[in-house]
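Asks: okay, sequence plus prediction incoming.
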Amino acid sequence: EAGVAQSPRYKIIEKRQSVAFWCNPISGHATLYWYQQILGQGPKLLIQFQNNGVVDDSQLPKDRFSAERLKGVDSTLKIQPAKLEDSAVYLCASSAQGGETQYFGPGTRLLVL
Amino acid sequence: AQTVTQSQPEMSVQEAETVTLSCTYDTSESNYYLFWYKQPPSRQMILVIRQEAYKQQNATENRFSVNFQKAAKSFSLKISDSQLGDTAMYFCAFGLNTGFQKLVFGTGTRLLVSP
């Protein structure tokens, strides 16, 4: 069974530029999560999808971050415009419907200069 | 709101020895799960072990076991016969058993296993 796929693995941009990350969950997993992990901290949930609907986006900075999950499969997280404090690892995870275990992708390391 | 605290920023252990990582959490809920995830330098979060709060028996997975004290809200991870490949960040995480659960993570413990 293929795991959670993410791309790109690394991205370096200048502040005020835009960036997008892509995630493909494990096949059949209904729930998809985006976490932000700042260096030295544990991951923090940004947004959670159940199929193609948003379940929780309470910690998503909506003035600059957006996410979508069209067709209830893969997902894109966008930052526009980026700030220095957005430098972090962005982790995507998925779980089966009703499943308690989340499986994580390899993450995308973003550096904003 | 739930919180998870890991009070040991770093731990060191020699190969083949046993080490215990600490985790405490705070919640008013009674139905939840607890997890330990391992994050090696490659950054991929790997599930080590999970515990259902309604189960009194401590979970075990090969060399990994937990000491779950529900009343004390404590969830420690014991790694027996430590191996070099166990070197990683270890995160304790809490998740409500709602079917739509997000995970709340601690700040992590960096474990170094030396020869």
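Replies: Here it is on my side, so go on.
Asks: going forward, measure contacts and count neighbours with C-alpha atoms only.
Replies: OK.
Asks: spatially nearest residue to the residue nearest the centre of chain A, not counting backbone neighbours?
Replies: Geometric centre of chain A, nearest residue: residue A:34, 3.1 Å, by C-alpha atoms, centre = their mean. Of all residues not flanking residue A:34 in the chain, residue A:92 sits nearest, at 4.7 Å (C-alpha to C-alpha, 6 or more residues apart in numbering or on different chains).
Asks: any low-confidence regions in chain A?
Replies: Scanning chain A with the threshold set as pLDDT under 70 gives A:1, A:98.
Asks: and the strands in it?
Replies: For chain A, the strands defined by DSSP state E cover A:5-7, A:10-13, A:19-24, A:31-37, A:44-50, A:53-56, A:65-68, A:75-79, A:88-95, A:103-104, A:108-112.
Asks: look up how far chain B lies from residue A:102.
Replies: 8 Å (C-alpha to the nearest C-alpha, to the nearest Å).
Asks: what residues are up against the residue lying closest to residue A:107 once chain neighbours are set aside?
Replies: Distance criterion C-alpha to C-alpha, 6+ apart; nearest residue to residue A:107, sequence neighbours excluded, is residue A:91 at 4.4 Å. Neighbouring residues of residue A:91 by C-alpha atoms under 8 Å, 6 or more residues apart in numbering or on different chains: A:34, A:35, A:36, A:37, A:43, A:104, A:105, A:106, A:107, A:108.
Asks: in the sheet, who's paired with residue A:91?
Replies: residue A:35 (DSSP bridges).
Asks: got the confidence number for residue B:114?
Replies: If you check residue B:114, the pLDDT there is 97.
Asks: wait, what's in contact with residue A:51?
Replies: Contacts of residue A:51 (C-alpha under 8 Å, 6+ apart): A:30, A:31, A:32, A:69, A:71, A:72, A:73.
Asks: now with 10 Å, please.
Replies: Going by C-alpha atoms under 10 Å, 6 or more residues apart in numbering or on different chains, residue A:51 touches A:28, A:29, A:30, A:31, A:32, A:69, A:70, A:71, A:72, A:73, A:74, A:97.
Asks: and residue B:10, by the same measure?
Replies: B:21, B:89, B:90, B:108, B:109, B:110, B:111, B:112 are the contacts of residue B:10 under C-alpha under 10 Å, 6+ apart.
Asks: again with residue A:94
Replies: Applying C-alpha under 10 Å, 6+ apart to residue A:94 gives the contacts A:3-4, A:23-34, A:48-50, A:101-105.
Asks: before I go, just wanted to say thanks for your time.
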